[in-house]
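S.K.: A structural model of the following input is requested.
(chains A and B)
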Amino acid sequence: MPVLPRSNAATHASAAAGELVLRHLDAAYTLARWLLGNGQDAADAVHDAFLRATTSAGIRDGGNPRAWWLAIVRNCCFARLAARGRDGCNVALDQVAHEHGREAAEAWLPMADADALEERIDTLQRSALLARHLRSLPPEFREVLVLRELEELSYREIADVLQRPIGTVMSRLARARAMLQQAVNAAQEVEHGM
Amino acid sequence: MECNRATERSLYFDGELDGADERAFERHLEGCAGCRAELAALESLRGGVRAAMPREQAPAALRARIEARLRRRPAPAWQALAAAGVLAFVAGSAATAWWTAREAPEQRLARELFAGHWRALAAASPVDVVSSDRHTVKPWFAGKVAQSPLVQDFAAQGFPLVGGRIDYAGDARMPVLVYRHGQHVIDVFVLGDDEAGAIGGTRRSRGYVLVPTRLGSQPAALVSDMDDAELARFEQLLEAAR
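M.R.: Next up, the predicted model:
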């Protein structure tokens, strides 16, 4: 099939989309990684999203460009999650680099800092625990946390990414925080033997 | 006791209140220990989430792959191309060669067709032009692709035409006709001669199947999650299209 030359406008829109994708590639990968649970799927989803973004750049109408791009990434991730669900195959979640134990903390610190060490391990363990709970949240709650706490998007921008009303964003965010807080409280109670 | 201003508290915490409302809520905070404690808990949770959810760096291979693909697109001006120079060309072609060498062409085409189908399913709508009638779909393709595909509605046979879109496989723009059968969405990718030669046989991926077929006299490939019997019936309809 002979290919028609792309119009100038389409080429410009597509080049602008390419630039946007590269500028927010880390944000896209972080979101995909937290939604899909592993790096390989995340990279594939972001690449799918890039193709979609550069071919549909002409269709974008106003709004925040970063939210527009993250919306595409997010849709590509959910398509993968849906496909996974249909196949009934669970892709193993790999470990997030930040989930460290005592050995890692010791390796980082000079021995003289022994006092600080206990505190450091405490923080790391809390962090590991929180990471575990974050991974076990349903993806629609995980994504609002990534978008709000990491990307610091406004409610309006998150609503654009999710293609949902602001009210939904607010309730999901509140619910996600409540679930995490509950998990943290429960862990503390166990720790203190209550 | 739980304060009844929880919603306002969240809005305040996320910086969503405007000036006057924000000041009003701060006055409320002075007298409400419950809200102050909740805000402290939210702040601590936010710190914890940020520590537990580190911002990831996109893998270098992904970045290189995207950059290589962007460089293959037409340059804005010959000066820019000259400025970017031989270096970009060498790096770009090396990266492209590396990525393309990893897959046989028919594998790549199949992967791109599957990906196109999944992307479309994930989008708000799988079609760019909606139709229940071929007279709106066929003209839509005119000017977008060199050769408009045969467009026929098989609603009477249980496969209504939903619409069409343009998709990409590699650098080729290809028309896609979208049909529906019950809950199943069927994409018919209308292939050029180059792709037709590279399509190979039937492939399956994640519960979806890709079947090389013909749309009248044009080579095509359909992607769907229908069962084989229904697919065979649909294929016969496509091949008989005039």
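S.K.: burial measure for the residue nearest to B:Glu235 when sequence neighbours are not counted, as a count.
M.R.: Closest residue to B:Glu235 apart from its sequence neighbours, by CB to CB, 6 or more residues apart in numbering or on different chains: B:Thr213 at 5.0 Å. Yep, even glycine has a C-beta here, placed from its N, CA and C like the rest. The tally of other residues near B:Thr213 (other CB atoms under 10 Å in any protein chain shown) stands at 21.
S.K.: Next: B:Val209.
M.R.: Neighbour count of B:Val209, defined by other CB under 10 Å: 17.
S.K.: swap in B:Asp187?
M.R.: 27.
S.K.: Just the element for it, please.
M.R.: Per DSSP states H and E: B:Asp187 is located in strand B:184-190.
S.K.: Which of the helices or strands spans the residue nearest to B:Glu235?
M.R.: According to DSSP H and E, B:Thr213 maps onto strand B:208-215.
S.K.: Do you have the helices of chain A handy? List them.
M.R.: Applying DSSP state H to chain A gives helices spanning A:8-23, A:25-36, A:39-55, A:65-87, A:102-108, A:114-136, A:139-145, A:155-162, A:166-191.
S.K.: deepest of the ones you listed, which one?
M.R.: The highest mean neighbour count among those, using mean count of other CB atoms under 10 Å in any protein chain shown, belongs to helix A:25-36: a mean of 24.
S.K.: hey, C-alpha coordinates of that one in CSV?
M.R.: What follows is helix A:25-36, C-alpha atoms only, in CSV (Å, rounded to 0.1, in the frame of the first residue of the first chain):
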residue,chain,number,x,y,z
LEU,A,25,9.0,9.5,30.3
ASP,A,26,10.1,8.9,33.9
ALA,A,27,6.6,9.9,35.2
ALA,A,28,5.0,7.6,32.6
TYR,A,29,7.3,4.7,33.5
THR,A,30,6.7,5.2,37.2
LEU,A,31,3.0,5.1,36.8
ALA,A,32,3.1,2.1,34.6
ARG,A,33,5.5,0.3,36.9
TRP,A,34,3.2,0.9,39.9
LEU,A,35,0.1,-0.2,37.9
LEU,A,36,1.6,-3.3,36.3
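S.K.: Tell me the helices and strands packed up against that helix.
M.R.: Helices and strands touching helix A:25-36, by 3 or more CB pairs under 8 Å, 6 or more residues apart in numbering or on different chains; DSSP states H and E, are helix A:39-55, helix A:65-87, helix A:139-145, helix B:60-72.
S.K.: I'd guessed B:Val130 sits against B:Val162; true?
M.R.: Yes. B:Val130 lies in contact with B:Val162 (CB atoms under 8 Å); the separation is 7.1 Å.
S.K.: Which of those two has more residues huddled nearby?
M.R.: B:Val162 (22 against 15).
S.K.: From the centroid of chain B, which residue is nearest?
M.R.: Closest residue to the average C-alpha location of chain B: B:Arg119 at 3.0 Å, with CA atoms, centre = their mean.
S.K.: In terms of helices and strands, where is B:Cys35?
M.R.: For B:Cys35, the element it lies in under DSSP H and E is helix B:33-52.
S.K.: That helix and chain A, are they touching?
M.R.: Yes. Judged by CB under 8 Å from any CB of the partner chain, helix B:33-52 comes into contact with chain A through B:41-42, B:45-46, B:48-52.
S.K.: Nearest to chain A among these?
M.R.: For the residues of helix B:33-52 next to chain A, the residue nearest chain A by CB to the nearest CB is B:Ala52; the value is 4.0 Å.
S.K.: if I read this right, the closest one contacts A:Leu130, doesn't it?
M.R.: Yes. Using CB under 8 Å, B:Ala52 makes contact with A:Leu130 at a distance of 4.0 Å.
S.K.: Identify each buried residue in stretch B:233-242, please.
M.R.: Of the residues in stretch B:233-242, B:234-235, B:238, B:241 count as buried by neighbour count, 16 or more other CB atoms under 10 Å in any protein chain shown.
S.K.: Which per-residue confidence value corresponds to B:Val90?
M.R.: We note a pLDDT of 51 for B:Val90 in this prediction.
S.K.: Now for the residue nearest to the centre of chain B: which residues touch it?
M.R.: Each residue near B:Arg119 by CB atoms under 8 Å, 6 or more residues apart in numbering or on different chains is listed here: A:48, A:51-52, A:75-76, A:79.
S.K.: and if you look at B:Arg165?
M.R.: With CB under 8 Å, 6+ apart, B:Arg165 has these contacts: B:120, B:126-129, B:176, B:178.
S.K.: before we move on, the earlier item: the strand holding B:Thr213 pairs with which strands, parallel or anti?
M.R.: According to DSSP bridges, strand B:208-215 forms sheet pairs with strand B:203-205 (antiparallel), strand B:218-224 (antiparallel).
S.K.: could you dump these to a markdown table with mean pLDDT and mean neighbour count?
M.R.: Output for these, formatted as a markdown table (pLDDT from 0 to 100; neighbours: other CB atoms under 10 Å in any protein chain shown):
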| stretch | mean pLDDT | mean neighbour count |
| --- | --- | --- |
| strand B:203-205 | 83 | 16 |
| strand B:218-224 | 90 | 23 |
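S.K.: Any idea which of these gets closest to A:Arg33?
M.R.: A:Arg33 lies closest to strand B:203-205 among the strands paired with strand B:208-215, at 22.3 Å (CB to CB).
S.K.: who touches the closest one?
M.R.: Residues outside strand B:203-205 that contact it (CB under 8 Å, 6+ apart): B:110-111, B:114, B:209-210.
S.K.: one more time with 6 Å
M.R.: With CB atoms under 6 Å, 6 or more residues apart in numbering or on different chains as the test, strand B:203-205 has contacts from B:110, B:114, B:210.
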